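Participant: Structural data only, the sequence is not supplied:
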DNA sequence: ACCTGAACACCGTTCAAGT
DNA sequence: ACCTGAACACCGTTCAAGT
């Protein structure tokens, strides 16, 4: 009944806003939803199109190929990761130590709560185009800037700030990935245990 | 000419030792070689079979499915990673600091030199079966044991050794992955810069 | 016990054709 | 400008059949 009323009817009224000119966005949202529902889902373009209610060739009007859709999705993930880290920053009066812990926790939480998306962001399928894009590095810029300020104010051990930033990024990225992979033992994955790991690095940053 | 001499001839003489009873090993070796030649290679079972000189269904006599071959390959990778870390350990008289740096460097080098294999080891395709297998955790056991000894001898900051081990694993894993992904800036990926990142964590381990 | 070839249900991508 | 359906060259996996 519903379908026979004509597939060309504008479904813009209230509900789904597919097929009305923003298929590009609809495809990205659909793909992300599927990734969230099943983080282990094997990404297929045809299934995204199916669920978005279009033919399996329609996506090619908006993305060069499957890799391009994946890349855009990954970049959106980096944007959101950055937002999550910024949102976690305490006010300007806070101590560096508290700031570091807040941002690091927010970073790890983002990954653990969005495992499918986070994995895609760092996957090979996303491709070099993603990792060369400033939007991906910007996600970690939040912490880099924090460390640079700490260095300026003499709150950190003297060392090249880029190396310290690399150590921080590697630490939170590593914790996120190994947690997602289930490679940490049960005693290690709790909030308290992860805090301890973050603090171990923190103590290497402090003078 | 070559092929018409009979495909059933024993090719065991000197060269390739395929089809003579160890196809399982041959498939694993072939797959690993292809991964080494092109780290971005999209793993297909049919191509492995083709290159190994058998029909595309032959692998099913030795592996339940594609995932099983991937899993075994990943476990072999963890074995070799462990060996690489053990081989890098200096003699029993060495200082903890030197030991830590040697093992950490060996770990990162293994990943950077075997990007395809390393990525597979931590990929989702390898599957939970891999990450639940003791062989995967054993790779990092080398460093865990080192830290436990350091704790016993009072050479480390007092803290739960498991958290320190988690921090170490996350650090080297993160450095390896981000280097492979090209997410570190040019100044960051040099040997000296990576040492600095490792030392940042080291200083958080030491009292 | 091990291997093959045909067969099935999928993919990603291209292209002529429609509006 | 955007979408569709048929078509092509692939996959992973199953299964009857061969030795």
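Facilitator: Here it is on my side, so go on. Keep in mind the model is a prediction, meaning the values are calculated, not measured. Numbering: from 1, shown residues only, chains lettered A, B, ... in the order given.

Participant: The helix or strand containing residue A:107 close to chain B?
Facilitator: The secondary structure element spanning residue A:107 is helix A:96-113 (assigned by DSSP states H and E). No - with Cβ under 8 Å from any Cβ of the partner chain as the threshold, helix A:96-113 lies outside contact range of chain B, at a closest distance of 9.8 Å. From N, CA and C alone the C-beta is placed, and that goes for glycine too.

Participant: quick one: contacts of that helix?
Facilitator: For helix A:96-113, contacts defined as Cβ atoms under 8 Å, 6 or more residues apart in numbering or on different chains pick out A:80-81, A:84-85, A:87-90, A:94, A:118, A:142-143, A:146, A:149-150, A:153, A:155-156, A:168, A:171-172, A:175-177, A:179-180, A:194-195, A:198-199, A:202, A:205-206.

Participant: What about those residues, which are in helices?
Facilitator: Secondary structure assignment (DSSP state H) places A:80-81, A:84-85, A:87-88, A:118, A:142-143, A:146, A:149-150, A:168, A:171-172, A:175-177, A:179-180, A:194-195, A:198-199, A:202, A:205 from the contacts of helix A:96-113 within helices.

Participant: Could you tell me which of those count as buried?
Facilitator: Neighbour-count burial (16 or more other Cβ atoms under 10 Å in any protein chain shown) applied to those gives A:80-81, A:84-85, A:88, A:118, A:142-143, A:146, A:150, A:168, A:171-172, A:175-177, A:179-180, A:194-195, A:198-199, A:202, A:205.

Participant: Kindly check the end-to-end length of stretch A:175-188 for me.
Facilitator: Taking Cα to Cα, to the nearest Å as the measure, stretch A:175-188 stretches 10 Å from start to finish.

Participant: So is it next to chain B?
Facilitator: Yes - under the criterion of Cβ under 8 Å from any Cβ, stretch A:175-188 makes contact with chain B via A:175, A:177, A:178, A:181, A:182, A:183, A:184, A:185, A:187, A:188.

Participant: Return the residues in contact with the residue nearest the centre of chain A.
Facilitator: By Cα atoms, centre = their mean, chain A has its centre lying nearest to residue A:77, at 3.6 Å. For residue A:77, the contacting residues are A:114, A:117, A:118, A:120, A:121, by Cβ under 8 Å, 6+ apart.

Participant: roughly how far apart are residue A:91 and chain B?
Facilitator: 26 Å (Cβ to the nearest Cβ, to the nearest Å).

Participant: How about residue A:90?
Facilitator: With distances taken as Cβ to the nearest Cβ, residue A:90 is found 22 Å from chain B.

Participant: quick one, what contacts that residue?
Facilitator: Counting by Cβ under 8 Å, 6+ apart, residue A:90 touches A:98, A:99, A:102.

Participant: which among the residues you listed gets closest to DNA strand C?
Facilitator: residue A:102 (38.6 Å; Cβ to the nearest atom of the strand).

Participant: Tell me how far that closest one lies from residue B:159.
Facilitator: 21 Å (Cβ to Cβ, to the nearest Å).

Participant: On the three-state scheme, the residue nearest to the centre of chain A is what?
Facilitator: Secondary structure, DSSP: H, G, I helix; E, B strand; the rest coil: residue A:77 is helix.

Participant: Distance check, it against DNA strand D.
Facilitator: Between residue A:77 and DNA strand D the distance is 24 Å, computed by Cβ to the nearest atom of the strand, to the nearest Å.

Participant: before we move on, the earlier item: the helix holding residue A:107: which residues count as buried?
Facilitator: Going by neighbour count (16+ other Cβ under 10 Å), the buried part of helix A:96-113 is A:96, A:99-111.

Participant: okay if I get those residues as CSV plus distance to DNA strand C and pLDDT?
Facilitator: Supplementary listing: the buried residues of helix A:96-113 in CSV, determined by distance: Cβ to the nearest atom of the strand, whole Å; pLDDT from 0 to 100:
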residue, distance to DNA strand C, pLDDT
A:96, 45, 94
A:99, 42, 95
A:100, 40, 95
A:101, 40, 96
A:102, 39, 97
A:103, 35, 97
A:104, 35, 97
A:105, 35, 97
A:106, 32, 97
A:107, 30, 97
A:108, 30, 97
A:109, 30, 97
A:110, 26, 98
A:111, 24, 97
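
Participant: Pull the contacting residues for residue A:130.
Facilitator: Residue A:130 touches A:71, A:74, A:75, A:78, A:121, A:136, counting by Cβ under 8 Å, 6+ apart.

Participant: Give me the domain ranges for chain A.
Facilitator: Per the record's domain assignment (automatic domain parsing), chain A is made up of the domains A:10-63, A:75-205.

Participant: what does stretch A:44-64 contact?
Facilitator: Where contact means Cβ under 8 Å, 6+ apart, the residues beyond stretch A:44-64 that reach it are A:18, A:19, A:23, A:24, A:26, A:27, A:30, A:31, A:34, A:66, A:69, A:72.

Participant: what about the helix or strand containing residue A:68, average pLDDT?
Facilitator: Secondary-structure element containing residue A:68, defined by DSSP H and E: helix A:66-88. Averaged across helix A:66-88, the pLDDT comes to 98.
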